[in-house]
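> No sequence on hand, only this structure:
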């Protein structure tokens, strides 16, 4: 039987910031295989603006409304209206698999390892929890279900509007800095997605970088205001605070204006990589959270991973908390920062 022509494709990724960014390489890879196809993404509303304007992405659908998933039959109606002929369910759930099945999408690609995998017409058998490959590679592997051979991970760049750049410039002015100052951003939170380098370490790093002649801003979400203020306070005013004031697109513009971004493993780290800012990243000694799977997609990076075998609390067993992260000393990070800063931005 002749294979149906692929014209209208949906990529489903309804989880968090970093997950969405690491899914974006699927777009150029898919276009290289199926030129001229229309590509849409189904996303949560809070990540939508981040990928707005991304090259090759034609439209977006919203999975939720007011922070809650849309009613099942309402979303089903919207899916049917678009008449997709191919869908990749990158982050699967029973609800999503059932929606794609009932929407009548002929080719439905998803994991083969869930009890509801029979709802997918083409199944990919890979266990992501082992963390043997990068998340972007796992995502690209789904394209093999339609005969797309993947080599290296395609590079991506987030589109940043003039309005977002203007908002970022205004925020820089609000914290008392000018556009010509050498900016470094520290991001101490992780939204609970990883183990964290301590507030004191970030504060000490801020002091050292300020002594080197850099201007330091500590960023965070609206839920991380207290943490951001703690870092600023412990830095004795060496850093300025900017938490919960920018949209994701504006944050991307703000990070893009920096010479360096230092962070735990979290969504904004991947934003930094996608706007071309060099990064320093901290990872815990947990296999499923490792940089092998969740590392930033950039060559301009220095990655530190703690070792729980050296941790007095964990003693080589399962990670028990943030204690291991203190193995990553401020001196190590400062040396890495100076090296990256000396190389400049490309």
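Nice, I can see it. None of these values were measured; they are calculated from a predicted model. Numbering: from 1, shown residues only.
> Show me where this protein has its helices.
17-21, 26-33, 45-51, 72-82, 94-102, 135-141, 162-174, 199-211, 225-234, 248-256, 267-274, 291-294, 330-343 (DSSP state H).
> Which of those has the highest mean neighbour count?
helix 267-274 (a mean of 28; mean count of other Cβ atoms under 10 Å). C-beta: built from backbone N, CA, C; applies to glycine.
> Can you tell me which helices and strands that one packs against?
Counting contacts by 3 or more Cβ pairs under 8 Å, 6 or more residues apart in numbering; DSSP states H and E, helix 267-274 is packed against helix 17-21, strand 183-187, helix 248-256, strand 260-264, strand 279-283.
> can I get the ones you listed in CSV with distance to residue 233 and mean pLDDT?
Formatted as CSV, the helices and strands packed on helix 267-274 follow (distance: least, Cβ to Cβ, whole Å; pLDDT from 0 to 100):
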stretch, distance to residue 233, mean pLDDT
helix 17-21, 27, 96
strand 183-187, 14, 98
helix 248-256, 22, 96
strand 260-264, 18, 97
strand 279-283, 21, 95
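> Of all those, which one comes closest to residue 105?
helix 17-21 (20.6 Å; Cβ to Cβ).
> For that closest one, give me every contacting residue.
With contacts defined as Cβ atoms under 8 Å, 6 or more residues apart in numbering, helix 17-21 is touched by 13, 43, 47, 50-51, 91, 135, 156, 158, 193, 248, 265-271, 273-274, 294, 297.
> try it again with 6 Å
For helix 17-21, contacts defined as Cβ atoms under 6 Å, 6 or more residues apart in numbering pick out 13, 47, 267, 270, 274.
> any idea how far it is from the chain center?
3 Å (Cα atoms, centre = their mean, to the nearest Å).
> Could you do stretch 198-208 as well?
Relative to the mean C-alpha coordinate of its chain, stretch 198-208 is positioned 24 Å out (Cα atoms, centre = their mean).
> Use 24 as the first number for this chain going forward.
Done: numbering now begins at 24, and the last item shifts to stretch 221-231.
> neighbouring contacts of it?
209, 211, 239, 253-254, 257-258, 261-262, 353, 356-357.
> Tell me which two of those residues sit farthest apart.
253 and 357 (20.2 Å).
> quick one: pLDDT of residue 362?
At residue 362, the model reports a pLDDT of 96.
> Apart from its chain neighbours, what residue comes closest to it?
Nearest residue to residue 362 in three dimensions, chain neighbours excluded: residue 325, at 7.2 Å (Cβ to Cβ, 6 or more residues apart in numbering).
> In this structure that neighbour contacts residue 303, no?
Yes: the criterion here is Cβ atoms under 6 Å, and residue 325 meets it with residue 303 at 4.9 Å.
> Now for residue 36: which residues touch it?
Residue 36 touches 43, 46, 113-114, counting by Cβ under 6 Å, 6+ apart.
> Could you dump these into JSON lines and include distance to residue 235?
What follows is the contacts of residue 36, written out as JSON lines (distance: Cβ to Cβ, whole Å):
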{"residue": "43", "distance to residue 235": "34"}
{"residue": "46", "distance to residue 235": "37"}
{"residue": "113", "distance to residue 235": "41"}
{"residue": "114", "distance to residue 235": "41"}
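> Quick one: which of the residues you listed has the lowest pLDDT value?
residue 114 (93).
> quick one, phi psi at it?
phi -110, psi 90 (degrees, to the nearest 10).
> Report how many residues lie close to it.
Neighbour count of residue 114, defined by other Cβ atoms under 10 Å: 17.
> which residues does it contact?
36, 38.
> now it: how far from residue 144?
For residue 114, the distance to residue 144 equals 18 Å [Cβ to Cβ, to the nearest Å].
> Also residue 285?
Taking Cβ to Cβ, one finds residue 285 at 44 Å from residue 144.
> cool, and residue 239?
Counting by Cβ to Cβ - residue 239 and residue 144 are separated by 52 Å.
> got the domain boundaries for the protein?
31-169, 186-366 (automatic domain parsing).
> next one: the first one to chain centre, how far?
With Cα atoms, centre = their mean as the basis, domain 31-169 stands 16 Å off its chain's centre.
> cool, and the longest one?
The chain centroid and the centroid of domain 186-366 are separated by 14 Å, computed with Cα atoms, centre = their mean.
> how long is it from one end to the other?
Start and end residues of domain 186-366 are separated by 29 Å (Cα to Cα, to the nearest Å).
> got a list of what residue 326 touches?
304, 314.
> Please repeat the previous calculation with a cut-off of 8 Å.
Each residue near residue 326 by Cβ under 8 Å, 6+ apart is listed here: 303-304, 306, 314, 318-319.
> repeat for residue 163
48-49, 52, 173, 176.
> Check the gap between the residue lying closest to residue 182 once chain neighbours are set aside and residue 45 for me.
Closest residue to residue 182 apart from its sequence neighbours, by Cβ to Cβ, 6+ apart: residue 76 at 3.4 Å. Look at residue 76 and residue 45: by Cβ to Cβ, they are 18 Å apart.
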